[in-house]
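In: Got a sequence here, can you model it:
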Amino acid sequence: MPDEDAPAEVPGSAPASVPPPVPGALPLLPATPLRVQDVTLVFQGPFKPYITREREDFARNIRLTRKVLPGVRIVLSTWSGVELPPELQRELQLDAVVESPDPGGLAPLKLGDRKTNNVNRQLATTRAGLDAVQTPYAAKLRTDCFLEHAGFLDHYAEQRALDGGRERLLGCSFFTLDPTMFERLSYHLSDWFQFGPTMLLRDYWSAPFMSPRNAQHYERQRHASGSTLFERGFRARYAVEQHLCMHFAAARGYACPRYLNDVAPALLAEYQRFLAHEILLLDPWQIGLRFEKYGWVGASWFQRHNNLMHLDWLALADPQLAGREYAEGLRALIRQRQRSKEWARLAFHHSSRLHALLFDPRLTHHPIRRLAARIAHRVIRG
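Out: Residues are numbered from 1 along each chain as shown. The predicted structure is shown next:
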């Protein structure tokens with residue numbers, strides 16, 4: 001990662017090849033179907049042992065997930081002091097419970113927010129949970145999520161076979177931002193759900209803690225000229241997802257952004273190479289992931305265009321769709337999505353003077369906003 005206030009240089013060289021296995025690393029399996037006994041699920045984050053007023057039910061999430069993957073090892077990683085009654089721990093058949101000292105929170109990620117930036121808590125608990133894994137593969141998910149099926153295992157095995165046995169990091173499309181759209185943040189890989197070789201996940205979560213100075217960067221610095229309404233809202237130097245992903249990518253030789261919304265063409269090309277070579281991006285319904293707190297995302301036209309979905313990743317990673325089923329149908333869907341995103345990109349650019357009105361959550365029913373939404377949808381769908 002770059003020094004706190006010094007811009008990082010973007011190297012012109014191609015990304016480094018995949019590093020050789022680390023001596024003593026956990027063994028990787030051949031390109032065959034993955035076995036449940038070779039996987040550990042790490043549930044990370046805070047929770048309450050009862051059903052909350054927001055209807056969050058941690059115990060239900062564990063039960064439903066275990067029903068999907070009977071016999072899978074489950075590690076719960078949280079911080080010290082969280083209440084977990086012994087009888088509940090026995091009932092949920094948790095294989096390990098890891099409690100970490102609370103490193104504390106940081107200033108809110110965005111300037112208009114009051115919510116604490118918990119990136120260092122997330123780092124501490126995820127690292128500790130992954131350190132407790134004894135299987136070759138691991139999945140990291142949040143305590144407020146659950147799995148309704150385990151399709152991610154099938155998708156991963158298929159991609160590994162197409163890659164000749166090479167391993168990748170599997171990530172979720174929702175909140176993996178498309179840096180050519182509305183929130184132009186590259187290396188913003190979603191942390192909702194990740195799966196891959198345990199050693200690879202440990203590498204990904206080895207980033208240093210975010211410093212208070214970086215967490216408050218844009219209290220001292222102006223945002224880059226031309227920043228969008230969404231980008232100007234950031235207080236931290238980089239988004240949480242960028243902080244994690246950039247450390248991982250830089251260690252593999254990829255150029256990283258010099259600032260939050262660096263969209264230099266060479267950098268975007270480098271990020272696309274990173275996604276194509278290192279990542280397998282799946283939509284939540286392909287993974288089997290249910291995140292009821294964010295159920296609205298899938299129905300949001302804005303979010304479906306703002307994120308990189310599986311079709312977008314396919315266009316980057318395998319434009320020829322070699323060896324894939326239903327290749328012709330996939331090509332048609334990719335073309336349709338690319339046209340829709342191009343129209344959305346143009347509409348966003350030419351409506352910049354109206355963004356404060358169009359995206360103010362308090363003005364959902366403003367007549368100009370509703371008219372603009374109808375026009376935009378008709379143009380894009382047409």
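In: you'd agree residue 144 is up against residue 291?
Out: Yes: taking contacts as C-beta atoms under 8 Å, residue 144 lies within contact range of residue 291: 7.1 Å. Backbone N, C-alpha and C define where each C-beta goes, glycine included.
In: distance between the longest helix along the chain and the chain's centre?
Out: In the chain, taking DSSP state H as the definition, the longest helix is helix 327-350. Distance of helix 327-350 from the chain centroid (C-alpha atoms, centre = their mean, to the nearest Å) equals 22 Å.
In: Around the residue nearest to residue 212 when sequence neighbours are not counted, count how many other residues there are.
Out: The shortest distance from residue 212 to any non-neighbouring residue, by C-beta to C-beta, 6 or more residues apart in numbering, is to residue 106 (6.1 Å). Using other C-beta atoms under 10 Å, residue 106 is surrounded by 22 other residues.
In: I figured residue 106 was touching residue 210, is that so?
Out: Yes: counting by C-beta under 8 Å, residue 210 is a contact partner of residue 106 at 6.3 Å.
In: which neighbours do the two share?
Out: Residues within reach of residue 106 and of residue 210 at once, by C-beta atoms under 8 Å, 6 or more residues apart in numbering, are 117, 119-120, 236.
In: Just name the closest of these to residue 137, please.
Out: Closest approach between those and residue 137, by C-beta to C-beta: residue 119, at 25.0 Å.
In: May I have the residues that are in contact with the closest one?
Out: Residue 119 is in contact with 106, 209-210, 215, 240, 243-244, counting by C-beta under 8 Å, 6+ apart.
In: related to what we said a few turns ago, out of the shared contacts of residue 106 and residue 210, what pair is the most spread apart?
Out: 120 and 236 (11.9 Å).
In: what sits in contact with each of those two?
Out: Common contacts of residue 120 and residue 236 (C-beta under 8 Å, 6+ apart): 106, 210.
In: hang on, the earlier thing: what pLDDT does the model give the residue nearest to residue 212?
Out: Residue 106 is assigned 97 on the pLDDT scale.
In: Beyond the helix or strand containing residue 242, next helix or strand please.
Out: Assigned by DSSP states H and E, residue 242 belongs to helix 240-251. Once helix 240-251 ends, the next helix or strand along the chain (criterion: DSSP H and E) is helix 265-278.
In: other SSEs contacting that following helix?
Out: Of the remaining helices and strands, those touching helix 265-278 by 3 or more C-beta pairs under 8 Å, 6 or more residues apart in numbering; DSSP states H and E are helix 310-317.
In: So which other helices or strands are in contact with the helix it packs on?
Out: Going by 3+ C-beta pairs under 8 Å, 6+ apart, helix 310-317 lies up against helix 265-278, strand 279-282, helix 327-350.
In: got CSV for these, with distance to residue 49 and mean neighbour count too?
Out: Output for the helices and strands packed on helix 310-317, formatted as CSV (distance: least, C-beta to C-beta, whole Å; neighbours: other C-beta atoms under 10 Å):
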stretch, distance to residue 49, mean neighbour count
helix 265-278, 38, 18
strand 279-282, 31, 24
helix 327-350, 43, 14
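In: do you know which of those lies nearest residue 61?
Out: Using C-beta to C-beta, the helices and strands packed on helix 310-317 put strand 279-282 closest to residue 61, at 19.5 Å.
In: which secondary structure elements does the closest one contact?
Out: Strand 279-282 packs on helix 151-162, strand 169-172, helix 310-317, going by 3+ C-beta pairs under 8 Å, 6+ apart.
In: Pick the most buried one from the ones you listed.
Out: strand 169-172 (a mean of 24; mean count of other C-beta atoms under 10 Å).
In: neighbours of residue 212, just the number please.
Out: The burial count for residue 212: 13, using other C-beta under 10 Å.
In: I figured it was touching residue 107, is that so?
Out: Yes: proximity of residue 212 to residue 107 meets the contact threshold set by C-beta under 8 Å, at 7.2 Å.
In: what is in contact with these two at once?
Out: Common neighbours of residue 212 and residue 107 (C-beta under 8 Å, 6+ apart) do not exist.
In: Excluding chain neighbours, give the residue nearest to residue 207 in space.
Out: residue 247 (3.7 Å).
In: The one you found touches residue 209, doesn't it?
Out: No: Residue 247 lies out of contact with residue 209 (C-beta under 8 Å); the separation is 11.1 Å.
In: Helix, strand, or coil at the residue most central in space within the chain?
Out: Closest residue to the average C-alpha location of the chain: residue 190 at 0.7 Å, with C-alpha atoms, centre = their mean. Assigned state for residue 190: coil (three-state reduction, DSSP: H, G, I helix; E, B strand; the rest coil).
In: measure it to residue 128 for me?
Out: Going from residue 190 to residue 128 by C-beta to C-beta, to the nearest Å gives 21 Å.
In: what separates the residue nearest to residue 212 from residue 47, distance-wise?
Out: 21 Å.
In: and the longest helix of the chain with helix 310-317, angle?
Out: 100 degrees (axes from the mean of the first three to the mean of the last three C-alpha atoms, to 10 degrees).
In: Mind pulling up the pLDDT for the residue lying closest to residue 99 once chain neighbours are set aside?
Out: Spatial nearest neighbour of residue 99, chain neighbours left out: residue 80 (4.6 Å); criterion: C-beta to C-beta, 6+ apart. Looking at residue 80, its pLDDT stands at 85.
In: No further questions, thank you.
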